[in-house]
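# give me coordinates for this.
(chains A and B)
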Amino acid sequence: MRIIWVTLRTTFSVAIMCCLVYNAAVWAVAQAAAPDKANGSLIENAQGQVVGSRLIGQSFTDPGYFHGRVSSIDYDANGSGSPNYAPSNPDLLLRTQESVSAWQSENPDVPVSELPIDLVTNSGSGLDPQISPASAEAQVPRISAATGIAADKLKQMIEQHTQGRSLGLFGEPAVNVLELNLDVQAAR
Amino acid sequence: MTTISILAIAVTLLIALALAKPVGLYLAAAFDYGPNRLNRIYGPFERLIYKVSGIREENQSWKTYAVSLVASNAVMILLVYLVLRFQGLLPLNPAGIANMEPTLAFNTAISFMTNTNLQHYSGESGLSIFSQSTAIVFMMFTSPATGLALVMAFIRGMTGRAPGNFFADLIRAITRVLLPVAFVSALLFVFMGVPQTFEPAAAVTTLEGAQQNIARGPVASFLAIKELGNNGGGFFGVNSAHPFENPNGLSNLLQLLLMLLVTTSLPYAYGKMVGRVKQGRVLFVSMFLMLIVMTSISLAAESAGSPALNALGVEHSQGSMEGKEVRLGTAQSAFYSVVTTASETGAVNTMHDTLTPIGGLVPLANMMLNTVFGGMGVGFLNVLMYAIIAVFLSGLMVGRTPEFLGRKIEGKEMKLIAVTLLIQPFLILVPTAIALATHPETISNPGFHGLTQALYEFTSAAANNGSGFEGLGDATAFWNISTGIVMFLGRYLSMVTLLAVAGSLAVKKRIPESSGTFRTDTAMFGAVFVGVVLIVGALTFFPALVLGPIAEQLTL
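The predicted structure is shown next:
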C-alpha cells in the first residue's frame, strides 16, 4: 500500500519537473532565442503572406515550377506517412513506372538515364522539402521552356538554394524546392 | 555511397566511442550512495523531491525493490491510460482530438511505460498537445529511469551489496542524467530548426494556391528525451523522418549520439562499480565490434538499392531512396536503422518497411539479439546475462566450477537465466504464428515480406524497441491487445527473473581468485561472449529469418 502511495506522490513530483517545468523552460528559451525556428520556420513571399514552411514540402504540378518528390499523402502536413512499399512489392514497381512515364512526357528532352531516383520514389515523411541537386538540374530544360527563364539563370538559382552537408560531413547536399520556386516565381 | 558519407559514419562512431568512458564514470558516481561531489551538488534538490514524494532513502530488500518497480510502473500505466481515454475533455487540445479508444489506449500506455514506444496511432491526429507533453513525456522520463535503476540495482547485487532504493534511483536517474542532458539537447534541436511551440497548426496558402495545414507543437523537448531515453516514439507519425523532427544532418547526428550515450557507457559504469574496469572494456569492445559489422552489412545492402527499380534505367547512384529523405540520404538512413535497433530506441528516420530485405534483416537481428548494447539499462542486463552464460559454458567445457565476479554460478541462477532466455523467442514466435494464421488481412505486403512484417512487429514489441514495418494494419483490437501483452511480459518477466539472479548472487560468499579461475577480462572471453550471443540468437531465430527477409532477398 505504501508503495502505491509513494508512487502517486512521485508521479506528482516527476510530472511537475518533467512535464511542466521542462517543457515550459525549453519553450521559453526557444521562443526568446529562436522564435522563427521554434514556430516552424514559416516563410513569407514578397507581399508578406505566409506561403509555407522552409522545412515542409508542397505539391508542385505546374510545369513552370520545380517539382518535389513523390508523396503518397500529397503533402498533407496535418498528417504524415507513406504506404510503405517493400522492395519486393509489385505495387512499388507499378507506381514508379507511372512516375517514370509521366517524367518522359513532361520532360521529352531529358532521357530517363538522367532522371535521379529520388524524384520517382516516395519520401519517408511524404513531406520531404528537398530534392537532390541532380534532380533539380534535370528539370531545368522543362522550366526554362515553360517560363522563358534562361537555363543558366535557373542553374544559378539551384546553386544558391543548395544546402551542403552539415559541417561539410553529415547528411547529403539537397535543394529546397519551395525556396527555389519562390525565386522562380519572382523571375517569371 | 560516397567516401564522405562513410567518413561521416566513422566520425559519429568515434564520438560515441570517446563519450562512453567519461559518461560511464559519471553514471557510476551518480548512483553511488556514499558521500561524493555529485551528492553534494544534487543532494539538496533531491531531498526536497524525496520529501514531496515520501521517499525514504534507505535500502530495500530484493523483493521490495522488484515489487516497487512493477507496482509503480503499473500505477503509472493506469494513470496514463486514463489521460488518453479522456484527452478530448482535458485542456490543451486545440485540434479537438477525440478520446482514445480502449484497446489503443491500453496499447499506448503499456508501450510508453515499457520503453517500447510502439505507436499504433499517428501523433498529429491521435494525441492532443496535453497528452503528448504530459502523459507521453512523463513516461519517456520514468521508463528509461526505471531501466537505469534496475541495472544499477543488479550491478550492486553482483558485488554483494544491497539493491538500494528503487524510488531514489528513479529520481536520481531523472535529476542527474535525463533532465539535464535532455534540456541542453532540446535547445540544440531548436537551434537546428525543430519547433517548440504551443501554437495550433499553421494554415498557409501554397505557391500553387492550395491550402496546407502544417501541424507543429512542442517537438524539441519531446525529441530530446525520446532519443536520450531510448524511447523512440515520434511526435509525428513518421517519427524522425519528418522534417520538423529531423531537419538536417546535424540534428541527425545529435539523435544518433543521444541514442548511444547511456547504453554505450554502461559497460564502463559497470567496470567501475564492480572494480573490474578491464572486464567492462571487454564487453564494450565486443558489442562495439558487433555494431560495426551490422552497420557494414546494412550500408552495403541499402546502397545497392532495389534491383527492380534500378532496372527501370533511372539514375540510381543514391541507392534505395524509397521511404528515405533526401537531406539524410541512404548512408545516414541505413546507419540510423542500425543504431536505433542496437540501442532499442525505435526512432526511425527512414521507413523500415521499405528497407531492402537484408537492410531490414539487420534491425531485426539487432532486436532479436538484444545485446548489441540494447536499451536503457535493460540492454546491459541482457549483456550480463549472456556473460554469465558464457562463463557457465566455458566452465562446462574445461570442467571447472563457473564463477563470475568471484561468485559461483550454480543451478539456481542458471535455471532463472534459462527461463529468461526462453521468454523472448516464445513472445516473438508464438504470437507471430497466431497473427499470420488468424489475421492475414492486416498484412499489407504479399509474399515473404508479409511474414517479415508480422515477425518484425512482435520482435519490436518483445525487445521493447518500438520501430515498426508501418505498412502493417496494426491499429486493430487484435494487434493492440496482442502487442500490448507481449510488450508487458517482454519487459517485466525478465526484469523480475534477473533481479532474482542478482539477489541470489548477492548473498553468496565471495571466493578468492586462483590460477584456476576462468578470466573474464580477456579478448578470449570477449570472443566466447560474442559466440554465445550469436549461437543462441541464430539457433532461436534463424528459421524465421530464412522464411522472411532471406527468402525475399533471393526472390528479388
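# in this structure B:Arg176 contacts B:Asn39, no?
No - counting by Cβ atoms under 8 Å, B:Arg176 does not reach B:Asn39; the two are 9.7 Å apart. C-beta coordinates here come from the backbone N, C-alpha and C atoms, glycine included.
# more neighbours, the two?
Remark: of B:Arg176 and B:Asn39, B:Arg176 carries more neighbours, 21 against 17, as counted by other Cβ atoms under 10 Å in any protein chain shown.
# tell me what the longest helix along chain A is packed against?
Ranked by number of residues, the top helix in chain A under DSSP state H is helix A:90-106. Counting contacts by 3 or more Cβ pairs under 8 Å, 6 or more residues apart in numbering or on different chains; DSSP states H and E, helix A:90-106 packs against helix B:307-310.
# hmm, 6 Å instead?
Packing contacts for helix A:90-106, counted by 3 or more Cβ pairs under 6 Å, 6 or more residues apart in numbering or on different chains; DSSP states H and E, involve no helix or strand.
# any idea of the mean pLDDT in that helix?
For helix A:90-106, the mean pLDDT works out to 93.
# so how far is that helix off the chain centroid?
21 Å (Cα atoms, centre = their mean, to the nearest Å).
# in chain B, which residue sits closest to chain A?
Of all residues in chain B, B:Gly249 sits closest to chain A, at 2.4 Å by Cβ to the nearest Cβ.
# below-threshold pLDDT in chain A: ranges please.
Within chain A, the stretches with pLDDT under 70 are A:81-84.
# and it, what are its domains?
A:1-35, A:40-187 (automatic domain parsing).
# what ranges do the helices span in chain A?
Counting by DSSP H, the helices of chain A are A:2-14, A:22-33, A:35-38, A:90-106, A:133-147, A:151-160, A:177-187.
# any chance of these in JSON lines, plus mean neighbour count?
As requested, the helices of chain A are exported to JSON lines (neighbours: other Cβ atoms under 10 Å in any protein chain shown):
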{"stretch": "helix A:2-14", "mean neighbour count": "18"}
{"stretch": "helix A:22-33", "mean neighbour count": "17"}
{"stretch": "helix A:35-38", "mean neighbour count": "18"}
{"stretch": "helix A:90-106", "mean neighbour count": "15"}
{"stretch": "helix A:133-147", "mean neighbour count": "20"}
{"stretch": "helix A:151-160", "mean neighbour count": "16"}
{"stretch": "helix A:177-187", "mean neighbour count": "20"}
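# what would those helices look like in a markdown table with distance to A:Ile56?
Shown next, in a markdown table, are the helices of chain A (distance: least, Cβ to Cβ, whole Å):
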| stretch | distance to A:Ile56 |
| --- | --- |
| helix A:2-14 | 34 |
| helix A:22-33 | 18 |
| helix A:35-38 | 13 |
| helix A:90-106 | 21 |
| helix A:133-147 | 18 |
| helix A:151-160 | 20 |
| helix A:177-187 | 8 |
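# for B:Ala201, which of those is the nearest?
The closest of those to B:Ala201 is helix A:35-38. By Cβ to Cβ, the value is 15.1 Å.
# ok, residues contacting that closest one?
With contact meaning Cβ atoms under 6 Å, 6 or more residues apart in numbering or on different chains, helix A:35-38 is reached by A:30-31, B:190, B:193, B:195-197.
# do stretch B:138-153 as well
Under Cβ under 6 Å, 6+ apart, the answer for stretch B:138-153 is A:15, A:18-19, B:31, B:65, B:112-113, B:115, B:163-164, B:166, B:169-170, B:173-174, B:178, B:225, B:229-231, B:376-378, B:380-381, B:495.
# CA atoms only: put it into PDB for me.
C-alpha atoms of stretch B:138-153 as PDB (Å, rounded to 0.1, in the frame of the first residue of the first chain):
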ATOM      1  CA  PHE B 138       6.100  11.700 -18.300                       C
ATOM      2  CA  MET B 139       6.600   8.100 -19.400                       C
ATOM      3  CA  MET B 140       9.500   9.000 -21.600                       C
ATOM      4  CA  PHE B 141      11.300  10.000 -18.400                       C
ATOM      5  CA  THR B 142      10.100   7.400 -15.900                       C
ATOM      6  CA  SER B 143      10.500   4.400 -18.200                       C
ATOM      7  CA  PRO B 144      14.200   4.900 -19.000                       C
ATOM      8  CA  ALA B 145      14.700   5.900 -15.400                       C
ATOM      9  CA  THR B 146      13.200   2.600 -14.400                       C
ATOM     10  CA  GLY B 147      15.600   0.700 -16.700                       C
ATOM     11  CA  LEU B 148      18.600   2.600 -15.300                       C
ATOM     12  CA  ALA B 149      17.500   2.000 -11.700                       C
ATOM     13  CA  LEU B 150      17.100  -1.700 -12.400                       C
ATOM     14  CA  VAL B 151      20.600  -2.200 -13.900                       C
ATOM     15  CA  MET B 152      22.200  -0.300 -11.100                       C
ATOM     16  CA  ALA B 153      20.400  -2.500  -8.500                       C
END
